[in-house]
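1. Got a sequence here, can you model it:
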Amino acid sequence: MRKPLKGILLTAGLVLLCGALLSSCGGGPDPRAMYRPKFSIESNNIPFLDEYNLLGVQLVEIDNPFPEAKRKRIYSLWFNLDSRGRFALHAETGDNLGKTIHMFIQGQSVGYHPIQGPVDNGVLPMLLSSQLQEADARFLHKQLERTIVEVHKKGRR
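-> Next comes the predicted model:
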């Protein structure tokens, strides 16, 4: 009588273990996780802003200020910040005049903002590389919008 009970318990344990492993796998890695921006001042690897400080992002087209440039349009992402982000941005830009803020995604610098004075309006414009094509800029913008929405959904739970 002990052997059948032992076999049932062993089978039930294996089924539970397999179920737990399958449910923990989910749908694989979140593709939006690749587009989580981090912002840091040049020569400092510690970010002072990240995706949790962002309320929204806009894609802005700018006329290239250099007339001899091949590309006539360049792109910029303008990030709206929450209250903590506004405070951090104002403090960092006030303390680091003449330096540059870099935006990193997966360790790659994809945008920059030269600091000319303290930014106190809560909007951080980041210039994208002049080599970036319009389709790539729009794709990056959409991915960042999705990341911001996802971060805010998780924060409300």
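
2. For Val60, see how far away the residue nearest to Leu59 when sequence neighbours are not counted is.
-> Spatial nearest neighbour of Leu59, chain neighbours left out: His141 (4.0 Å); criterion: CB to CB, 6 or more residues apart in numbering. The way it works is simple: take the backbone N, C-alpha and C, and place the C-beta from them, glycine included. For His141, the distance to Val60 equals 10 Å [CB to CB, to the nearest Å].

3. got it, and Ala88?
-> In terms of CB to CB, Ala88 sits 22 Å off from Val60.

4. mean confidence score for stretch 73-84?
-> With pLDDT averaged residue by residue, stretch 73-84 scores 94.

5. what does stretch 135-146 give?
-> Mean predicted confidence for stretch 135-146 is 95.

6. which residues are contacting it?
-> The contact list for stretch 135-146, computed with CB atoms under 8 Å, 6 or more residues apart in numbering, reads 32, 34-35, 37, 56-59, 75, 77, 110, 128, 132.

7. would you list those in CSV and tack on distance to Arg84 and secondary structure?
-> Conversion of those to CSV gives the following (distance: CB to CB, whole Å; DSSP: H, G, I helix; E, B strand; the rest coil):
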residue, distance to Arg84, secondary structure
Arg32, 22, helix
Met34, 24, helix
Tyr35, 21, helix
Pro37, 16, coil
Gly56, 15, strand
Val57, 17, strand
Gln58, 20, strand
Leu59, 24, strand
Tyr75, 27, strand
Leu77, 20, strand
Val110, 23, strand
Leu128, 25, strand
Leu132, 29, coil
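
8. Out of those residues, give me the one that has the most neighbours.
-> In terms of neighbours by other CB atoms under 10 Å, those top out with Pro37 at 25 neighbours.

9. In this structure that residue contacts Glu51, no?
-> Yes - the pair Pro37 / Glu51 is scored as a contact, 5.9 Å apart, by CB atoms under 8 Å.

10. so what sits against both of those two?
-> By CB under 8 Å, 6+ apart, the residues touching both Pro37 and Glu51 are Thr147.
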